[in-house]
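# attaching a predicted model along with its sequence, questions to come.
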Amino acid sequence: MTKEEWKKIRGSACLPDHIMLSINGNPENTMTVTWRTSTDVTEGYALFRETGTRDWKRAEAQTENFTTDVDDSNYHWAHMDSLKPKTKYEYTCGNDKYRSDTYTFTTAPENTDKFSFV
């Protein structure tokens, strides 16, 4: 199978995919979202808010090119901070033209001894 054929099956596109959350700091008040796009998308941002509230906050993304045997992609990551402990948030990622669906996460409770992240 050629690289072009693989790209059609497994390659990146303008719409964000491979969307993942990760902890980068204190899980009580920060969360990072990472996503992949084609190299046609050179910048992006995450929008996030407490579930049930009106106003979205914006976290600008850093972008880095990544080359594999399938294709060249851009990976973006945005750090969402100033979050409240034990609070459910909604988020979406992308840019003005290409956006992901809206997903949710809950921050860790304050002063916890145990924390699970799946």
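Happy to help now that I have it. Numbering: from 1, shown residues only.

# need the helix or strand of this structure with the lowest average pLDDT.
Between all helices and strands in the chain, the lowest mean by mean pLDDT, DSSP states H and E belongs to helix 3-10, at a mean of 79.

# what are the buried residues along that one?
For helix 3-10, a neighbour-count test (16 or more other CB atoms under 10 Å) marks K7 as buried. C-beta here means a position set from N, CA and C on the backbone, and glycine is covered the same way.

# can you give the contact residues for that helix?
Helix 3-10 has contacts (CB atoms under 8 Å, 6 or more residues apart in numbering) with 69-71.

# 7 Å instead, please
Contact with helix 3-10 is made by 70-71, as judged by CB atoms under 7 Å, 6 or more residues apart in numbering.

# any weak-confidence spans in the protein?
Scanning the chain for pLDDT under 70 picks out 115-118.

# pick out the residue closest to the middle of the chain.
For the chain, the residue sitting closest to the mean C-alpha position, by CA atoms, centre = their mean, is V33 at 2.8 Å.

# any idea how far that residue lies from N111?
Distance, V33 to N111, using CB to CB, to the nearest Å: 25 Å.

# okay, buried residues for the helix or strand following the least confident helix or strand of the chain please.
Using DSSP states H and E, the helix or strand that follows helix 3-10 towards the C-terminus is strand 17-22. Of all the residues in strand 17-22, those buried under the rule 16+ other CB under 10 Å are I19.

# same question, stretch 79-99
For stretch 79-99, burial by neighbour count (16+ other CB under 10 Å) applies to 79-80, 83, 89-95, 98.

# restrict that stretch to CA atoms and write it as PDB.
The C-alpha trace of stretch 79-99 is given here as PDB (Å, rounded to 0.1, in the frame of the first residue of the first chain):
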ATOM      1  CA  HIS A  79      -3.300  24.300  28.500                       C
ATOM      2  CA  MET A  80      -6.500  25.100  30.300                       C
ATOM      3  CA  ASP A  81      -5.900  26.700  33.700                       C
ATOM      4  CA  SER A  82      -7.600  28.600  36.400                       C
ATOM      5  CA  LEU A  83     -10.000  25.700  36.800                       C
ATOM      6  CA  LYS A  84     -12.000  25.000  39.900                       C
ATOM      7  CA  PRO A  85     -11.500  21.800  41.800                       C
ATOM      8  CA  LYS A  86     -14.100  19.000  41.500                       C
ATOM      9  CA  THR A  87     -15.900  20.800  38.700                       C
ATOM     10  CA  LYS A  88     -17.200  19.500  35.400                       C
ATOM     11  CA  TYR A  89     -16.000  21.400  32.300                       C
ATOM     12  CA  GLU A  90     -17.000  21.300  28.600                       C
ATOM     13  CA  TYR A  91     -14.300  21.900  26.000                       C
ATOM     14  CA  THR A  92     -13.800  21.900  22.200                       C
ATOM     15  CA  CYS A  93     -10.700  22.300  20.200                       C
ATOM     16  CA  GLY A  94      -9.600  23.400  16.700                       C
ATOM     17  CA  ASN A  95      -9.700  26.800  15.000                       C
ATOM     18  CA  ASP A  96     -12.300  29.200  13.600                       C
ATOM     19  CA  LYS A  97     -13.000  26.900  10.600                       C
ATOM     20  CA  TYR A  98     -12.400  23.400  11.900                       C
ATOM     21  CA  ARG A  99     -13.800  22.500  15.400                       C
END
